[in-house]
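**Student:** I'd like to go over a predicted model; first the sequence, then the structure.
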Amino acid sequence: MGKYFGTDGFRGEANVDLTFEHAIKIGQFLGWYYGERIGKKCKVVIGKDTRRSSYMFEYALCTGLMASGADAYIMHVTTTPSVAYITRVDDFDCGIMISASHNPYYDNGIKLLNSNGEKMDEETILKVEEYIDGKVEVPIATRNVGRTVDYVAGRNRYIGFLISMSKFSFKGVKVGLDVANGAAWSIAKSVFDALGAKTYVINDEPDGYNINTDCGSTHIEHLQKAVVEKALDIGFAYDGDADRCLCVDEKGNVVTGDHVLYIYGLYMKERGKLVNNKVVTTVMSNFGLYKAFDKVGIEYEKTKVGDKYVYENMKETGNRIGGEQSGHTIFLKYETTGDGILTSLKLMEVMLAKEKRMSELAAPVVFYPQVLKNVRVKSKPEAQNDPDVQAAVAKVAEELGDTGRILVRESGTEPVIRVMVEAESDEICQKYVDDVIEVIKAKGHMV
């Protein structure tokens, strides 16, 4: 990770950590850089979520792009996966999404995508950062400045793509959608309505300040209540930029990203479509998911936390489905990023193809109790690599055997070590977490 850009873009409080000056510079550098690479005026497509500051960053990025001679194509309010899709299929030189995902409205972010709709490579990101810090200079255009182009047609094309993904009519199915007052509000209902569903939508009145506020995938209790009260067949909740999706079954139970991986992974295996017989997870997937995979003979890989690492594994190995418990699910055959609405459609496909309720499809994944504690430390590497700490972790792993697991990892954003245990009871989890923390404390690593 660089100075400004993390695994999910340049993110921070608008005009505090991430300013409009940053946006102008990012636009100016990208417009010049890609123009130089292709030897002509470059084309960049931009999307944004519903935050009030997204409009400011959109205009700032456009200003920088045009000043360096690039043309900026504006998709307006749209989802992160739609920008990734359009960047790739409409031959743009790069794509930009303005969003802070599930963060509150006062935060924002700038995500950069290459021409394949993938997260931009580290080398280019570092060059952008050098320009932001004034370490390099780039020329501005004079007689060949760029322009903006209204590109709402790109969003409509993406909606058409989503509709084409469904193999079934949704007629007669009652579906609830929580669009989080975010980017999905202008897309999700249109897709489900077009496919014939009886669609009920909540949190679809964005005002620039209410994105993710007590709604969406981070506050799924409201969708749970709506599904039960309206006797809906199923519900889907998205985050602010709709790259993740959590589900609610007809009984009001939450269906997590781990459940999605099991349900669709098994569906692929049954049809001979599960390449390598593997599903890609992160180390934070629940132990119950792996037990469920073992029972049906599905293998799995574990990556570091972050959809970036899941995608890198899939691209390298050819594995076709992967994701995170939080609801980022990547279907590599169709897209390069997590897509909440596509995930919804894929779950609908399994439900209709198998003629089963979502509660029945999700039932084999029985989550193990989990205890996670954050330990503030003086040095994350020293605490993590301490021989006595490692010995304590190994002892817990040995005692748990195949009845649970322990995971100790460094936080990517805070000076903390995360100690997590999953086992058959909360009491067992608590005991083993405390045992490891006691060793960390005794060795003087704690702040």
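**Tutor:** Received it, and whenever you're ready, just let me know what you need.
**Student:** okay, domains of this structure per the record?
**Tutor:** Following the assignment in automatic domain parsing, the chain carries domains at 5-152, 165-362, 370-442.
**Student:** now those domains in JSON lines, with mean pLDDT, mean neighbour count and distance to Tyr158?
**Tutor:** Where you see a C-beta, it was placed from the backbone N, CA and C, and this is true even at glycine. Output for those, formatted as JSON lines (pLDDT from 0 to 100; neighbours: other C-beta atoms under 10 Å; distance: least, C-beta to C-beta, whole Å):
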{"stretch": "domain 5-152", "mean pLDDT": "96", "mean neighbour count": "21", "distance to Tyr158": "4"}
{"stretch": "domain 165-362", "mean pLDDT": "97", "mean neighbour count": "21", "distance to Tyr158": "7"}
{"stretch": "domain 370-442", "mean pLDDT": "93", "mean neighbour count": "16", "distance to Tyr158": "31"}
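**Student:** just put those domains in CSV and tack on distance to Ile159.
**Tutor:** Shown next, in CSV, are the domains of the chain (distance: least, C-beta to C-beta, whole Å):
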stretch, distance to Ile159
domain 5-152, 8
domain 165-362, 6
domain 370-442, 34
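**Student:** against which helices or strands is the helix or strand encompassing Ala391 packed?
**Tutor:** Take DSSP states H and E as the rule and Ala391 turns out to sit in helix 387-400. Here helix 387-400 touches strand 405-410, helix 426-442, going by 3 or more C-beta pairs under 8 Å, 6 or more residues apart in numbering; DSSP states H and E.
**Student:** which strands or helices does the shortest one pack on?
**Tutor:** What it means is strand 405-410. helix 380-385, helix 387-400, strand 416-422, helix 426-442.
**Student:** again with the longest one
**Tutor:** Helix 426-442 sits against strand 370-376, helix 387-400, strand 405-410, strand 416-422, with contacts defined as 3+ C-beta pairs under 8 Å, 6+ apart.
**Student:** and stretch 186-206, how far apart are its ends?
**Tutor:** Stretch 186-206 stretches 10 Å from its first residue to its last (C-alpha to C-alpha, to the nearest Å).
**Student:** oh, and call the first residue 13 from now on, that's how I've got it
**Tutor:** All set: I'll call the first residue 13, so the last point we hit is now stretch 198-218.
**Student:** where's it relative to the chain centroid, distance-wise?
**Tutor:** 21 Å (C-alpha atoms, centre = their mean, to the nearest Å).
**Student:** which of the helices or strands spans Tyr212?
**Tutor:** Judged by DSSP H and E, Tyr212 forms part of strand 210-214.
**Student:** direction included, what does that strand pair up with?
**Tutor:** strand 186-190 (parallel) (DSSP bridges).
**Student:** next SSE downstream of the strand it pairs with?
**Tutor:** Heading C-terminal from strand 186-190 (DSSP H and E), you reach helix 200-206.
**Student:** now the residue nearest to Gly24 when sequence neighbours are not counted: phi and psi?
**Tutor:** Nearest non-adjacent residue to Gly24, counting by C-beta to C-beta, 6 or more residues apart in numbering: Leu30, 4.3 Å away. In terms of degrees, to the nearest 10, the main-chain angles of Leu30 are phi -120, psi 110.
**Student:** which residues touch Gly76?
**Tutor:** Residues near Gly76 by C-beta atoms under 8 Å, 6 or more residues apart in numbering: Ala35, Ile36, Lys37, Ile38, Gly39, Gln40, Phe41, Leu42, Gly43.
**Student:** could you dump the host helix or strand of it to PDB, C-alpha only?
**Tutor:** Assessed by DSSP H and E, Gly76 sits inside helix 64-79. The C-alpha coordinates for helix 64-79 follow below in PDB (Å, rounded to 0.1, in the frame of the first residue of the first chain):
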ATOM      1  CA  ARG A  64     -22.800  15.200  -1.100                       C
ATOM      2  CA  SER A  65     -19.000  15.500  -1.600                       C
ATOM      3  CA  SER A  66     -19.100  13.100  -4.500                       C
ATOM      4  CA  TYR A  67     -20.200  15.900  -6.800                       C
ATOM      5  CA  MET A  68     -17.300  18.100  -5.700                       C
ATOM      6  CA  PHE A  69     -14.800  15.300  -6.400                       C
ATOM      7  CA  GLU A  70     -16.400  14.500  -9.700                       C
ATOM      8  CA  TYR A  71     -15.900  18.000 -11.000                       C
ATOM      9  CA  ALA A  72     -12.400  18.200  -9.500                       C
ATOM     10  CA  LEU A  73     -11.400  15.000 -11.300                       C
ATOM     11  CA  CYS A  74     -12.900  16.200 -14.500                       C
ATOM     12  CA  THR A  75     -11.100  19.500 -14.200                       C
ATOM     13  CA  GLY A  76      -7.800  17.700 -13.800                       C
ATOM     14  CA  LEU A  77      -8.500  15.300 -16.700                       C
ATOM     15  CA  MET A  78      -9.500  18.000 -19.100                       C
ATOM     16  CA  ALA A  79      -6.600  20.200 -18.100                       C
END
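**Student:** nearest residue to Asn222 in space, please, no chain neighbours.
**Tutor:** Asn193 (4.5 Å).
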